[in-house]
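>>> Next comes the sequence, and after it the predicted model I'd like to discuss.
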Amino acid sequence: MKTVEISVRTGTEPSLTDLTAACARFVDGEGDGLLNIFVPHATAGLVIVELGAGSDEDLLAALARLLPRDDRWRHRHGSPGHGSDHVLPLLASPSLIVPVVDGELALGTWQSIALLDPNRDNPTRTVRLSLLGSSDRHDEG
């Protein structure tokens, strides 16, 4: 298995950060396999979504409506409304698996891999990329 950790600067406002190019570089020339993308944080998640053309803003606006940053949350450390960030894994998993075919991500035409980070308190995130390639598979014989 091939693996690497990357550091991603997400800033101090809720954001979507496109990871597609970094993932594509990681699997380039690696043949077939499965790419696992994992973010080891309780308040960030991963999504496969169309980015650009207003989609980013629509997604962040929908997230703000679903998980408002107000005082309803019992988890209260950090910035106001931070408890909502801890509910994010319900909507955006901390991991994704993407097929890799001939060293390329097998995404649809408009699909991108993005880090969804609503947490204003952590401006930098770690993302782990792990490729389980077809050469890693052990055939039974």
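Perfect, thanks for sending it.

>>> can you give me the helices in the protein?
20-27, 55-66 (DSSP state H).

>>> hey, which of the ones you listed is tucked in deepest?
helix 20-27 (a mean of 17; mean count of other C-beta atoms under 10 Å). Quick note: C-beta positions are derived from backbone N, CA and C, even for glycine.

>>> re the thing from before, tabulate the helices of the chain (JSON lines), appending distance to residue 108.
Formatted as JSON lines, the helices of the chain follow (distance: least, C-beta to C-beta, whole Å):
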{"stretch": "helix 20-27", "distance to residue 108": "12"}
{"stretch": "helix 55-66", "distance to residue 108": "14"}
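
>>> For the ones you listed, which has the smallest mean pLDDT value?
For the helices of the chain, mean pLDDT drops lowest on helix 55-66, to a mean of 94.

>>> Could you report the neighbour count for the residue nearest to residue 55 when sequence neighbours are not counted?
Setting aside the residues directly before and after it, residue 55 is nearest to residue 49 in space (C-beta to C-beta, 6 or more residues apart in numbering), at 6.5 Å. By the measure other C-beta atoms under 10 Å, the count of residues near residue 49 is 18.

>>> Return the residues in contact with residue 49.
Residue 49 makes contact with 16, 55, 59, 111, 112, 114, according to C-beta atoms under 8 Å, 6 or more residues apart in numbering.

>>> was I right about the last one contacting residue 50?
What that stands for is residue 114. No. Between residue 114 and residue 50 there is no contact under C-beta atoms under 8 Å: 9.6 Å.

>>> okay if I get the contacts of residue 49 as TSV plus distance to residue 40?
TSV is the format used below for the contacts of residue 49 (distance: C-beta to C-beta, whole Å):
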residue	distance to residue 40
16	19
55	26
59	22
111	23
112	21
114	17
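
>>> tell me which of these is nearest to residue 120?
Taking C-beta to C-beta as the measure, residue 120 lies nearest residue 16 of the contacts of residue 49, at 14.5 Å.

>>> Do you know the pLDDT at that closest one?
Looking at residue 16, its pLDDT reads 96.

>>> contacting residues around it?
With C-beta under 8 Å, 6+ apart, residue 16 has these contacts: 47, 49, 51, 56, 59, 60, 114, 115, 116, 117.
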